[in-house]
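Peer 1: Quick one, what's the 3D model for this:
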Amino acid sequence: MLAPSAEKVRVVKQIARPEIVFAAARRAGTSRLFFGGSDFKVHSIDLAAEKPEPAELGAHTSYVTGLALAGPRLVSGGYDGRLIWWDVASGKRIRDISAHSRWIRRVAATPDGSVVASVADDMVCRLWDAETGSLRHELRGHAEFTPHHFTSMLFACAVSPDGRLVATGDKVGHVNVWDIDSGSRVAELDAPGFYTWDPVQRRHSIGGIRALAFSPDSSRLAIGGIGPIGNIDHLDGKPRIEVFDWRKGRRIGEAQGEGRGLIERLEFHPGGEWLLGAGGYSDGVLLFCDVDARHVLAQAKAPMYVHDFDLDPQTNTLFAVGHHKLATMKIGDDTPAARKA
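Peer 2: Numbers count the residues shown, from 1 in each chain. Below is the predicted model of the structure:
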């Protein structure tokens, strides 16, 4: 599938939500989506239904900010620092553990569903046995404070498609790549273009790495967030993506969208044809780049600020969640010939 023009990204379904939806996970091969957000709850919904109705699984005691499917289990993480395991078939709670001392920002799972990774503002990534809930590794390699002595944040993590690596990214633009089996750090990268310090107006820092994604062959690592900000009160930086050859520690390319915005989620097309970043500012943004982030191929609007999405390349469908909406979008021509292209 070739990268679409902005005109060929179309919304086919929108579902209004009272909350801000921060996280989503879709069961592969289906239209069943799990989502959670500012109402503290975890929901399930079948987006293919004529009138989709969400079903509540249960709740955290604060915002739900991370979801990952690990085999027959769904794992949710929240600002309460807890990870909760849910049985996908029954929707019942399996276990509830105190995983982090500060806000959990992201949860990810290996493709085989054996390991779950969580990152939080305690600046630690923890790897969990998905079946038993036992801690496998505690990964420490991010500074607790920014260079200007403010508390830092650990926003992002991503697991490689081969299931061997996990990458973590923080507020000041530092990335660590870890070996999942051994828990050892195998690479470090710095992307300072994602971090802005305002020494005059607010004496405050903003930005940070908000999204990470490995390429299909695990050789590239994409980083998403916001570019340099001139006025931090108005978040007037551009949506920004950088791609690294992480083994060599070399940045391959960088791309910036038009207008203001923040990239919250990244994913490479599994065929290796393009890279998609999503996020927004007052409106939602979809930013398509080549896999090296040297060129912006297309920029399109989303119907809301996007916090998370899942891409189904078989049907050219994007399942997105964000500010007060769930949305299903078609990318490119929705014809058998286009899907084979």
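
Peer 1: E7 - that's part of a strand, no?
Peer 2: No - counting by DSSP: H, G, I helix; E, B strand; the rest coil, one finds E7 to be helix, located in no strand.

Peer 1: Tell me the confidence at it?
Peer 2: Listed pLDDT for E7 reads 73.

Peer 1: That one and T65, how far apart?
Peer 2: 33 Å (C-beta to C-beta, to the nearest Å). For the C-beta atoms, the positions are set from N, CA and C on the backbone; glycine is no exception.

Peer 1: ok, which stretches of the stretch 51-200 of the chain are strands?
Peer 2: Listed in chain order, the strands of the stretch 51-200 of the chain (DSSP state E, counting those that start in this stretch) span 55-59, 64-70, 73-78, 82-87, 93-98, 104-109, 115-120, 124-129, 135-140, 154-159, 165-170, 174-179, 185-190, 195-198.

Peer 1: Please apply the same query to the stretch 201-341 of the chain.
Peer 2: 204-207, 211-214, 220-226, 239-245, 250-256, 262-268, 275-280, 284-289, 296-302, 306-312, 317-331.

Peer 1: Now find how far off-centre the second one is within its chain.
Peer 2: The one in question is strand 211-214. Distance of strand 211-214 from its chain centroid, counting by C-alpha atoms, centre = their mean, to the nearest Å, is 7 Å.

Peer 1: Quick one: mean pLDDT for it?
Peer 2: Computed over strand 211-214, the average pLDDT equals 98.

Peer 1: Kindly report the same for the fourth one.
Peer 2: Over the span of strand 239-245, the pLDDT mean works out to 98.

Peer 1: same deal with the third one?
Peer 2: In this model, strand 220-226 has an average pLDDT of 97.

Peer 1: related to what we said a few turns ago, and E7 and T65? Which one has more around it.
Peer 2: T65 (25 against 8; other C-beta atoms under 10 Å).

Peer 1: quick one: that one from L83, how far?
Peer 2: Taken as C-beta to C-beta, the span from T65 to L83 is 11 Å.

Peer 1: Next: R26.
Peer 2: In terms of C-beta to C-beta, R26 sits 20 Å off from L83.

Peer 1: Please identify which of those two sits among more neighbours.
Peer 2: Neighbours were counted for R26 and for L83 using other C-beta under 10 Å; L83 has more, 26 against 20.

Peer 1: Might one say that that one is in contact with V116?
Peer 2: Yes - counting by C-beta atoms under 8 Å, L83 does reach V116; the two are 7.5 Å apart.

Peer 1: Name the residues contacting each of the two.
Peer 2: Among the neighbours of L83, those also in contact with V116 (C-beta atoms under 8 Å, 6 or more residues apart in numbering) are V75, V107, W128.

Peer 1: quick one on the thing from earlier: dump the strands of the stretch 51-200 of the chain to a markdown table, plus distance to S38 and mean pLDDT.
Peer 2: Below are the strands of the stretch 51-200 of the chain laid out as a markdown table (distance: least, C-beta to C-beta, whole Å; pLDDT from 0 to 100):
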| stretch | distance to S38 | mean pLDDT |
| --- | --- | --- |
| strand 55-59 | 12 | 97 |
| strand 64-70 | 8 | 98 |
| strand 73-78 | 10 | 98 |
| strand 82-87 | 16 | 98 |
| strand 93-98 | 20 | 98 |
| strand 104-109 | 14 | 98 |
| strand 115-120 | 18 | 98 |
| strand 124-129 | 24 | 98 |
| strand 135-140 | 28 | 98 |
| strand 154-159 | 17 | 98 |
| strand 165-170 | 23 | 98 |
| strand 174-179 | 28 | 98 |
| strand 185-190 | 32 | 98 |
| strand 195-198 | 26 | 82 |
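
Peer 1: what's the closest of the ones you listed to N231?
Peer 2: Among the strands of the stretch 51-200 of the chain, the nearest to N231 by C-beta to C-beta is strand 195-198 (8.5 Å).

Peer 1: now for that closest one, which elements pack on it?
Peer 2: Helices and strands touching strand 195-198, by 3 or more C-beta pairs under 8 Å, 6 or more residues apart in numbering; DSSP states H and E, are strand 204-207.

Peer 1: Let me know the distance separating the residue nearest the centre of the chain from T61.
Peer 2: The centre of the chain sits closest to R265, judged by C-alpha atoms, centre = their mean, with a distance of 3.8 Å. R265 is 25 Å from T61, where distance means C-beta to C-beta.

Peer 1: follow-up on the earlier one: and of the strands of the stretch 51-200 of the chain, who's closest to H148?
Peer 2: Closest among the strands of the stretch 51-200 of the chain, once you apply C-beta to C-beta, is strand 195-198, at 5.6 Å.

Peer 1: Who does that closest one pair with, and is each partner parallel or antiparallel?
Peer 2: strand 204-207 (antiparallel) (DSSP bridges).

Peer 1: So for the partner strand, mean pLDDT?
Peer 2: Across strand 204-207, pLDDT averages out at 71.

Peer 1: didn't D39 look like it was pressed against E19?
Peer 2: Yes - contact criterion C-beta under 8 Å: D39 and E19 qualify, at 3.9 Å.

Peer 1: which ones are touching the closest residue to S62 other than its chain neighbours?
Peer 2: Among residues not flanking S62 along the chain, Y79 sits closest, at 3.7 Å (C-beta to C-beta, 6 or more residues apart in numbering). Taking C-beta under 8 Å, 6+ apart, we find Y79 in contact with H60, S62, Y63, T65, W103, I104.
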